[in-house]
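Asker: Here is my input; please provide its structure:
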Amino acid sequence: MDYKPIRVIISGGGTGGHIFPAVSIANKLKQLNPSTEILFVGAEGKMEMEKVPAEGYRIVGLPMAGVQRRLSMKNLMNNLTVPFRVVESVLHARRIVKEFKPDVVVGVGGYASAPLLWAATGMKIPAVIQEQNGFAGLTNKILGSRVQSICVAYEGMEKFFPADKIVMSGNPIREVLSQPASAAQRAEGLEYFGLNPESRHLFIVGGSLGSGTLNRAMQHWIQDGCPEGEGVEVIWQCGKYYKNTIDTFMQAHPEVKGIRHYDFIGRMDLAYAAADVVISRSGASTVSELCAMGKATVFVPSPNVAEDHQTHNAMALVRRDAALLVKDSEAMDELMPTALGLLGSPERQKQLSRNAEAMALRNAAQVICDEIYKLV
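Answerer: Purely as a prediction, here's the structure:
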C-alpha cells in the first residue's frame, strides 16, 4: 500500500480507554509517513486536553458534555444544557473541518467524537470509527450508519453495526505491553518493586484513578490478617483519589510487610511482568493489554459505566476460559479468596494465560491505519 502523506482528524476522548488507542493510531500513521498531518479534537475540560499535547500532538476542544445518568440537581442542570452544547459543538466542528481540510476523520468514541464525525460525514469526508468495547457505545452506534468503516475488538458486533462495514482489528495498545514478559523482564520487575523472587505475586489495578471496590476488598483482607505466612506479595495501584486514605490505613498496620501500594504506576510493563496473577477492572484497553501479555486475570467489572460494557468485555474472555470474573457487588467477600486460589494453582494460571494470549490481536493500529488509507 502507498502510505502517502495525508491529513487526518482523530476525535474522541473522555477516558484513558479512548485516548490511548487514539494516540496509538496517530503514532502508527506518523510511523507510516512522518509527513502526515494529524489534528486531535477533544472535549473541553477532559483529560485528552492534557494527555494529547503531552504526546506531541495538537488538539482543539469542543464545548461538548455528556448526559449524566445519576439523579441530582447538578446533573439535571447539566443535562438541560446538553442539546445546546451539541448544536454549538457541531457548528464548531464544521469550522474545524473546513479549516483543516482532512482527507479522512477517525472517531474513537467519547463526547467529542459525535459532533466532529457528524459534521465531517455531512460534508462528505470519509470516516472510520474504532469501537473498543464488546458492547458498542451510544456515540458509535449513532455514527455507524454514517461512516464507511467500523473497526472492532470483539466478535458479534453485527448486532450494533452494519456487518459489511465491520473490520476485526482489535484495540491498539502500547508497544511496551504487546508481548508476554521474558524471564529477564520478570526479574527486572521484581527488583524494581523490591519483591522476593521466592514469593507469589499479585498485581491489583483499578485503572489510572483507582477503584474504591478493589481498595476496600484489599483493606478487608489486610484487616483479616492477610498475607503473613501465605508467601504472597502485592503490588497495589490504589489511585490518586484514594492514596491519602490508603496511606493512613497502611500506617495503622505496620506489621504488614508484603504490600507495595502506589497512587499510580508508570512502569506498567514491569508490574505486569512481576505478577503471577492480576486483579483488574475490565476496560477495553486493559483487557487487550492483559491478553497481549498473557496474564492470568481476575476481572471485577465496574458497574459505573454505560451499558455495563465492562462486563461484556470481561465475559468475552470468561466464555473462552481465558479469565475469571468476580462481580463488583461480591468483591468484598469473594475477590481475594478467588485470587489467592488462582495464585495457589500454577497450572490454572498457565491455562488462563494460554487462552488469553490466544485472543490477542497485536496488529490493531496497523489494521486501522490500512482502513484509513483504503478510504483515502
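Asker: For the protein, which residues score under the pLDDT cut-off?
Answerer: 15-16, 64-87, 227-230 (pLDDT under 70).
Asker: Show me the strands in it, by range?
Answerer: Secondary structure of the chain (DSSP state E): strands located at 7-11, 37-43, 58-62, 104-107, 127-131, 149-152, 166-168, 200-205, 232-237, 259-262, 277-280, 296-299, 324-325.
Asker: Output these as JSON lines; include the columns distance to H253.
Answerer: For the C-beta atoms, the positions are set from N, CA and C on the backbone; glycine is no exception. What follows is the strands of the chain, written out as JSON lines (distance: least, C-beta to C-beta, whole Å):
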{"stretch": "strand 7-11", "distance to H253": "46"}
{"stretch": "strand 37-43", "distance to H253": "41"}
{"stretch": "strand 58-62", "distance to H253": "43"}
{"stretch": "strand 104-107", "distance to H253": "47"}
{"stretch": "strand 127-131", "distance to H253": "43"}
{"stretch": "strand 149-152", "distance to H253": "45"}
{"stretch": "strand 166-168", "distance to H253": "47"}
{"stretch": "strand 200-205", "distance to H253": "16"}
{"stretch": "strand 232-237", "distance to H253": "13"}
{"stretch": "strand 259-262", "distance to H253": "9"}
{"stretch": "strand 277-280", "distance to H253": "19"}
{"stretch": "strand 296-299", "distance to H253": "23"}
{"stretch": "strand 324-325", "distance to H253": "27"}
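Asker: of all the ones you listed, which lies closest to R95?
Answerer: strand 58-62 (9.7 Å; C-beta to C-beta).
Asker: Please give the number of neighbouring residues around D263.
Answerer: As a burial measure, D263 scores 17 neighbours (other C-beta atoms under 10 Å).
Asker: How about the contacts made by it?
Answerer: By C-beta atoms under 8 Å, 6 or more residues apart in numbering, D263 lies in contact with G210, Q237, C238, G239, K240, Y242, K243.
Asker: What ranges does this structure have for its helices?
Answerer: 16-32, 48-54, 73-100, 113-122, 138-143, 183-192, 212-223, 243-251, 268-274, 284-293, 309-318, 331-343, 346-358, 364-375 (DSSP state H).
Asker: Next, the buried residues of the fourth one.
Answerer: Neighbour-count burial for helix 113-122, with 16 or more other C-beta atoms under 10 Å as criterion, is recorded at S113, A114, P115, L116, L117, W118, A119, A120, T121.
Asker: now could you export just the CA positions of it as CSV?
Answerer: C-alpha atoms of helix 113-122 as CSV (Å, rounded to 0.1, in the frame of the first residue of the first chain):
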residue,chain,number,x,y,z
SER,A,113,-16.4,12.1,18.6
ALA,A,114,-20.1,12.6,17.8
PRO,A,115,-20.3,16.2,16.7
LEU,A,116,-17.0,16.0,14.8
LEU,A,117,-17.9,12.9,12.8
TRP,A,118,-21.5,14.1,12.3
ALA,A,119,-20.2,17.3,10.8
ALA,A,120,-17.5,15.6,8.8
THR,A,121,-19.7,12.9,7.3
GLY,A,122,-22.3,15.6,6.4
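Asker: what does it contact?
Answerer: 9, 11-13, 41, 62, 64, 86, 89-90, 92-94, 96-97, 102, 105, 107, 127, 129, 139-140, 142-143, 146-147.
Asker: now the angle from it to strand 58-62?
Answerer: Interaxial angle, helix 113-122 versus strand 58-62 (axes from the mean of the first three to the mean of the last three C-alpha atoms, to 10 degrees): 100 degrees.
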